[in-house]
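Here's a sequence, model it:
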Amino acid sequence: MHTDSIFLHLKKHGQLRDSEIAAGTGVSLTEVRASLRELSSRGDISLCSTTIYENGKAIEGLFSRVSGYFPKPAPGRKPGAKT
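Residues are numbered from 1 along each chain as shown. Okay, the predicted model is just below:
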């Protein structure tokens, strides 16, 4: 299965929908959904079902992110930072 490549894609790009993962990794949507469910059962990712409306049309999918992973802050000055 493609669980490792999907996990790395989520870790690199953050919170994504299943269709965005399929487009980014080149894996079919059904295989992405099966891999996401496997990763969720292992506790590696957080997974929730969503309904998104685009142009009045309901699109159902899965929204996922890596569990307990916080990306490093971007380099450079931050608002309100004292120098």
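
measure Glu54 to Glu60 for me?
Note on Glu54: its distance to Glu60, by CB to CB, to the nearest Å, is 12 Å. For glycine as for every other residue, the C-beta is placed from the backbone atoms N, C-alpha and C.

My guess is Ala58 contacts Thr50. True?
No. Using CB atoms under 8 Å, Ala58 is not in contact with Thr50, being 10.4 Å away.

More neighbours: these two, which one.
Thr50 (11 against 8; other CB atoms under 10 Å).

got the contact list for that one?
By CB atoms under 8 Å, 6 or more residues apart in numbering, the contact list for Thr50 reads Arg17, Glu60, Gly61, Leu62, Phe63.

burial count for the residue nearest to Gly24 when sequence neighbours are not counted?
Nearest in space to Gly24, with sequence neighbours left out and distances taken as CB to CB, 6 or more residues apart in numbering, is His9 at 5.7 Å. His9 has 18 neighbours, counted by other CB under 10 Å.

quick one: which helix or strand includes His9?
His9 is part of helix 3-13, with elements assigned from DSSP states H and E.
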